[in-house]
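A.B. asks: I'll drop the sequence and a predicted model, then ask my questions.
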Amino acid sequence: MRVFLSFVLFVASSVSAFVRPGPLGSVSKTKLNLAQDPKVVLITGSSQGLGKAMALDIAKHGHKIVVNFYPGCDEAAQETVEEIVAVGGDGIAIAADCTNFEQVEKMFDQAFDHYGTVDVVVNNAGITKDNLVPRMKPKDFAAVINVNLSGDFYVCKAFLNAAAKTDYKGGRIINIASVVGQIGNPGQANYAASKGGVIGFTKALAKEVAADNIKVNAICPGFIETPMTAKLTDEQLQKSVDAIPLHRLGQPEEVAAMVRFLAIDEGADYITGHCFDVDGGVGIAAS
């Protein structure tokens, strides 16, 4: 019994020494109830596709959505806000290029000014520029890394800095990675590198901000039916489906449901630093 107690005390002291207060200071004793209170959720790249599905799914539960969109896509963003209101939520649209840190900072300034806070951030914005490595242009490799990985860094940095100026009680960050970041895919070395980086970034950030009651997780979608997959030929599409144990493409709503769970469900309050696959089993099929 003495040996066991000594081990427990050793572990406890080791953990206390490792986990230090983050940039927002000590954790408030007032816990944030994400499940019951209407929350403000900022989703990057949410004027269309997967991001829009996430926005509408969360809005249906009465939450407030900040629709981030790439400058110039105003019409699509406004349509998304109108749909958010129609399903019972509240929303605003803010333009910002997530690879431009100054624009990202201004986006959070606007969001905090309008709603008073941002409780949840979903890093969804991303691009692809596919080609085999010998044929890939260096600028295409760099562009994908810049949007998919550096963009997440800029958004998280700006969010944490903005939150530090307020009486912040904790929240959640969800980074959208990809199963390609885990298993690779020919012709997508840049995309795989960016999404693999997102997974590592998620785990490191989760350790940094845990003391501030901020949970950070990632989601790895597989082949999801989006405008991107609509560009595939019938042969390419069939080949993709054949590689999926469930023998079908995923639906945006299925990814959105996982985002909602990690973003606002109290069941996710003790989950941080993890990556959740929504891929129909393609990840295990490749292992």
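C.D. replies: Yep, it's here. Everything numeric in this text was worked out from a predicted model, so none of it was measured.
A.B. asks: strands of the protein, residue ranges please.
C.D. replies: 40-43, 64-69, 90-95, 120-123, 171-176, 214-221, 275-278 (DSSP state E).
A.B. asks: can you put those in JSON lines and add mean pLDDT?
C.D. replies: What follows is these, written out as JSON lines (pLDDT from 0 to 100):
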{"stretch": "strand 40-43", "mean pLDDT": "99"}
{"stretch": "strand 64-69", "mean pLDDT": "99"}
{"stretch": "strand 90-95", "mean pLDDT": "98"}
{"stretch": "strand 120-123", "mean pLDDT": "99"}
{"stretch": "strand 171-176", "mean pLDDT": "98"}
{"stretch": "strand 214-221", "mean pLDDT": "98"}
{"stretch": "strand 275-278", "mean pLDDT": "98"}
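A.B. asks: and these as a markdown table, adding mean neighbour count and distance to L132?
C.D. replies: (Each C-beta comes from the backbone N, C-alpha and C, glycine too.) Shown next, in a markdown table, are those (neighbours: other CB atoms under 10 Å; distance: least, CB to CB, whole Å):
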| stretch | mean neighbour count | distance to L132 |
| --- | --- | --- |
| strand 40-43 | 27 | 32 |
| strand 64-69 | 27 | 32 |
| strand 90-95 | 19 | 34 |
| strand 120-123 | 29 | 28 |
| strand 171-176 | 26 | 25 |
| strand 214-221 | 26 | 23 |
| strand 275-278 | 19 | 26 |
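A.B. asks: shaky segments in the stretch 101-250 of the chain?
C.D. replies: Across the stretch 101-250 of the chain, nothing is flagged by pLDDT under 70.
A.B. asks: what about the helices in it?
C.D. replies: 101-115, 138-145, 151-164, 180-183, 189-209, 234-242 (DSSP state H, counting those that start in this stretch).
A.B. asks: including distance to T272, could these go into CSV?
C.D. replies: Formatted as CSV, the helices of the stretch 101-250 of the chain follow (distance: least, CB to CB, whole Å):
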stretch, distance to T272
helix 101-115, 21
helix 138-145, 25
helix 151-164, 14
helix 180-183, 19
helix 189-209, 5
helix 234-242, 32
